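> The sequence and its predicted three-dimensional model are supplied below.
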Amino acid sequence: MKSKIYLVVIMIFFVTTAWAQLPNDTETRYQSRDLPSLSILSYNIEKLCQEYRTCNATRVQDLLPINQSKYELLTDDRQFNAKVILSKTMNDYWSIQVNQKHWFVRASDQHLVFELIENARQLAYGKQYHAAEQNINKALKLKPDMDTAYSLMAFCKLQQSQFDQFIKHLEKAIHYKSTNPEYLNQMAWFYATTKYSKYRNATKALQYALKAVSILPDHWAYTDTLAAAYACNAQFHEALATQEKSMMLVRNSDLAADEIHHFLKKMNQRKKLYQHRKAYTETH
């Protein structure tokens, strides 16, 4: 009987101690039995190693299974001898352990990331850019390699005419997802059509536009941007041919009739500029 009571006391102590060390914020409502993603683990490892001086790891490269609820974390710190262990706690949290140091993480932190980004998106579309950026920054702390977070941050910066920050964050998005044609297209359109000569860059505009079209060659919006990039480079013959193609593609798209009419009107205005050997620039 005494042994059972003793065991219960030990279990209560363990759970209480573990819970007391968990982050004290609204994230605690998320729980999952799934394994945390490498980027979530890397974020926590980096914070843990800031407290543990002999460990300089910043990224988790792989997980080495020890048993069903325990893994060795293989980090980028090759000089560090002690094992970094990820083990399941009794309350569905994972404990990252470096010798006597512990850090607790939830696999579902990644779900929190996506909720933060969705909230940020709604705030951004409501023109509440500062609040949106706060949510984006929280998400990036949990998942520093999230390309959609950088893309949304770039959108916020563009709407506020913070063009250097727009370029910086969109380049980050491209760095983490270089095969996303939408990011490439946004960068190409900005460099080709901005009214600010300081930022207009014909070479970069064409490079980004060609890469976007190489990924999705029959997308009307990307060929439209490519036409503007050709015109920015004074390649008006190519600009006209590409604009004709984009107009054909939008006619054959599955957009609503009023949207097709709207885009064709804009494209035709640009086509007339190219016919007069003029590049298109935004007026706002």
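Everything's here; your move.

> Toward the C-terminus, what is the element adjacent to the lengthiest strand in the chain?
In the chain, with assignment by DSSP state E, the single longest strand is strand 60-67. Next along the chain after strand 60-67, taking DSSP states H and E as the criterion, comes strand 70-75.

> from the chain's centre, how far out does that following strand sit?
Offset of strand 70-75 from its chain centre (CA atoms, centre = their mean, to the nearest Å): 25 Å.

> what's the domain layout of the protein?
For the chain, automatic domain parsing gives the domain ranges 21-107, 108-177, 180-284.

> can you list the ones you listed in a markdown table and add mean pLDDT and mean neighbour count?
The C-beta positions use only the backbone N, C-alpha and C, and glycine is treated the same way. Converted to a markdown table, the domains of the chain look like this (pLDDT from 0 to 100; neighbours: other CB atoms under 10 Å):
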| stretch | mean pLDDT | mean neighbour count |
| --- | --- | --- |
| domain 21-107 | 75 | 16 |
| domain 108-177 | 93 | 18 |
| domain 180-284 | 97 | 18 |
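
> Tell me the spacing between Leu74 and Val84.
Between Leu74 and Val84 the distance, using CB to CB, to the nearest Å, works out to 8 Å.

> hang on, the earlier thing: could you dump the longest strand of the chain to PDB, C-alpha only?
What follows is strand 60-67, C-alpha atoms only, in PDB (Å, rounded to 0.1, in the frame of the first residue of the first chain):
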ATOM      1  CA  VAL A  60      18.200  19.700 -35.700                       C
ATOM      2  CA  GLN A  61      19.400  17.700 -38.700                       C
ATOM      3  CA  ASP A  62      17.700  14.400 -37.900                       C
ATOM      4  CA  LEU A  63      16.000  12.200 -35.200                       C
ATOM      5  CA  LEU A  64      17.500   8.900 -34.200                       C
ATOM      6  CA  PRO A  65      14.700   6.600 -32.700                       C
ATOM      7  CA  ILE A  66      15.700   5.000 -29.300                       C
ATOM      8  CA  ASN A  67      12.200   3.700 -28.500                       C
END
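
> going forward can the numbers begin at 80, since that is how I track them
Got it, first residue is 80 now, which makes that one strand 139-146.

> ok, and what's touching it?
114, 117, 120-121, 124, 150-155, 164-165 (CB atoms under 8 Å, 6 or more residues apart in numbering).

> Equivalent analysis for stretch 343-360, please.
271-274, 279, 303, 306-307, 310-311, 313, 315, 318-319, 322-323, 325-326, 329-330.

> change it to 6 Å
Residues from elsewhere that reach stretch 343-360 (CB atoms under 6 Å, 6 or more residues apart in numbering): Thr272, Lys274, Ala307, Ala310, Cys311, Phe315, Ala318, Leu319, Gln322, Met326.

> and which of those is nearest Ala203?
Ala203 has its nearest neighbour among the contacts of stretch 343-360 in Thr272, at 21.5 Å by CB to CB.

> mind checking how far whichever helix or strand Leu343 is part of is from the chain centre?
Assigned by DSSP H and E, Leu343 belongs to helix 336-354. Centroid separation between helix 336-354 and its chain, computed with CA atoms, centre = their mean, is 32 Å.

> go on, stretch 209-228?
A distance of 8 Å separates the centroid of the chain from that of stretch 209-228, by CA atoms, centre = their mean.

> Tell me which residue lies nearest the centroid of this structure.
Asp226 (2.0 Å; CA atoms, centre = their mean).

> Do a quick rundown of the helices in the stretch 130-279 of the chain.
Using DSSP state H, counting those that start in this stretch, the helices of the stretch 130-279 of the chain run over residues 188-204, 208-221, 226-238, 242-255, 260-272.

> counting contacts, what elements does the longest one pack onto?
The elements that helix 188-204 packs onto, with contact taken as 3 or more CB pairs under 6 Å, 6 or more residues apart in numbering; DSSP states H and E, are helix 208-221, helix 226-238.

> can you rerun that using 10 Å?
helix 117-130, helix 208-221, helix 226-238 (3 or more CB pairs under 10 Å, 6 or more residues apart in numbering; DSSP states H and E).

> Measure how the first one sits relative to helix 208-221, angle-wise.
Taking axes from the mean of the first three to the mean of the last three CA atoms, to 10 degrees, helix 117-130 and helix 208-221 form an angle of 80 degrees between their directions.
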